[in-house]
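Visitor: Quick one: sequence plus predicted model below, questions after.
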Amino acid sequence: MVPAVLFLLFTVVPAFETWLLIEVGQVIGGWETVGWLIAMGLLGSWLGKRAGTGVLRQIGDDLRAGRSPADSVVEGALVLVGSVLLVTPGFLSDVVGLLLFLPPVRRSLAPRLKHAVLRWLTGRPGGFKVSAGPMGPGPAAPMDDERVRRGFDHPGF
């Protein structure tokens with residue numbers, strides 16, 4: 001399964017992107033195509049910084065409120081992937097990258113991606129085991145900044 005996915009990602013998708021670039025270039029012109037690619041790269045850089053800052057702010061808000069920042073962290077990863085896709089030359093990657101910047105798309109993908117990654121990590125032999133933590137299951141107590149700073153000193157880490 002993994003070799004097929006890697007083949008798809010590193011061979012088939014770039015070949016399709018190259019073909020699509022040639023076709024679009026023949027329709028709108030070579031310089032216009034290059035201009036589009038440069039504009040999307042600049043947009044990806046700008047959006048990545050802007051949306052990434054917002055996601056970091058949300059992670060801080062989650063920690064201050066005592067909520068798990070897991071969904072916000074996954075959303076941050078999706079923003080990073082969206083930025084990389086926009087900076088990467090290609091029309092298909094631009095469309096997917098732009099979609100990842102839409103908050104409704106990110107918010108619908110983040111829990112699914114988190115669940116898939118956790119299932120993958122916990123379902124493998126020798127993989128990570130997820131436990132309820134030292135406080136047991138249930139809502140976490142609100143965390144002040146000192147508890148957040150001390151969090152990594154906990155014996156469970």
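Guide: Received, thanks. Note that this is a predicted model, so its numbers are computed, not measured.

Visitor: Give me the buried stretch members for stretch 16-23, please.
Guide: Under the neighbour-count criterion of 16 or more other Cβ atoms under 10 Å, stretch 16-23 has 17, 21 buried. C-beta coordinates here come from the backbone N, C-alpha and C atoms, glycine included.

Visitor: What are the contacting residues of that stretch?
Guide: Applying Cβ atoms under 8 Å, 6 or more residues apart in numbering, the external contacts of stretch 16-23 come out as 33, 37, 89, 90, 91, 92, 93.

Visitor: hmm, try it at 7 Å
Guide: With contact meaning Cβ atoms under 7 Å, 6 or more residues apart in numbering, stretch 16-23 is reached by 33, 90, 91, 92, 93.

Visitor: got the CA positions of that stretch in PDB?
Guide: Below are the C-alpha coordinates for stretch 16-23, written out as PDB (Å, rounded to 0.1, in the frame of the first residue of the first chain):
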ATOM      1  CA  PHE A  16      -0.100  15.100 -14.300                       C
ATOM      2  CA  GLU A  17       0.900  18.600 -13.000                       C
ATOM      3  CA  THR A  18       3.500  18.900 -15.800                       C
ATOM      4  CA  TRP A  19       1.000  17.900 -18.400                       C
ATOM      5  CA  LEU A  20      -1.500  20.400 -17.000                       C
ATOM      6  CA  LEU A  21       1.000  23.200 -17.000                       C
ATOM      7  CA  ILE A  22       1.800  22.500 -20.700                       C
ATOM      8  CA  GLU A  23      -1.800  22.500 -21.600                       C
END
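
Visitor: How far away from the center of its chain is that stretch?
Guide: Chain-centre distance of stretch 16-23: 25 Å, with Cα atoms, centre = their mean, to the nearest Å.

Visitor: returning to that earlier point: the contacts of stretch 16-23, buried ones only, as a ChimeraX selection?
Guide: Buried residues within these, by 16+ other Cβ under 10 Å, are selected in ChimeraX with:
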select :33,90,91,93
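
Visitor: Understood, closing this out.
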